[in-house]
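Chemist: build the 3D model from these lines:
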Amino acid sequence: MTDAATAKQQSLHTLYRDHHSWLQNWLRRQLGNTWDAADLSQDTFIRVLTSSQTVAEIREPRAYLLTVGKRLLNTFYARRSLEQAYMDALQQLPQEVTPSPEQRWALLETLQALDELLDGLPLGVRRAFLWSQLEGVGYREIAARLEVSERTVKRYMAQAYEHCLLMEL
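Modeler: You can find the predicted model right below:
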């Protein structure tokens, strides 16, 4: 191992040792349970490890960790909300067409991947894209639902397609 790699590893170890318990306790208070807090705490340090910013560049470690932790917490809540909406929708289905647990898992993973892919798009753009692609709704009806012009819907769709293409690169 080179001296630079050793120094990087040592600074990450110091950051983890000095701030892990604090971060995990903060996350536990936000989440109300230790297990999810432990997972998000580890995910936070993995983000730090894979970040383009070096640990030595972090001037305010707790503020930095808190920012990363809050972002992960928001993602966690969004995922949980999506899972709940999916489970609620499944309960509305007749028993004979309810997917198996394996199918549910695959569908939920797909929904989460789609949600992550569309993350960052304005709500109207997301809705237009999802109505068009998942429900087959035409631009005229989307325009009526969103109370915008068809031309705006076309711009929304172009924006969504461009976003998806750029995210795939």
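Chemist: only C-alpha atoms for contact and neighbour calcs from this point on.
Modeler: OK.
Chemist: now the helices for the protein?
Modeler: 3-31, 34-50, 61-91, 101-118, 123-135, 139-146, 150-168 (DSSP state H).
Chemist: so for the third one, mean pLDDT?
Modeler: Regarding helix 61-91, the rounded mean pLDDT is 88.
Chemist: buried residues, that helix. List them.
Modeler: 61-62, 65-66, 68-70, 72-73, 79, 82-83 (16 or more other Cα atoms under 10 Å).
Chemist: nearest to Asp119 among those?
Modeler: When the buried residues of helix 61-91 are compared for distance to Asp119 (Cα to Cα), Arg79 wins out at 11.7 Å.
Chemist: which residue packs closest to the closest one, ignoring adjacent ones?
Modeler: Gln112 (6.8 Å; Cα to Cα, 6 or more residues apart in numbering).
Chemist: quick one: the one you found from Tyr156, how far?
Modeler: 21 Å (Cα to Cα, to the nearest Å).
Chemist: equivalent analysis for Tyr86, please.
Modeler: For Tyr86 relative to Tyr156 (Cα to Cα), the value is 25 Å.
Chemist: how confident was the prediction at the residue nearest to Arg79?
Modeler: Reported pLDDT for Gln112: 80.
Chemist: my guess is it contacts Ser81. True?
Modeler: No - if you go by Cα atoms under 8 Å, Gln112 and Ser81 don't touch, sitting 10.6 Å apart.
Chemist: many thanks, we can stop here.
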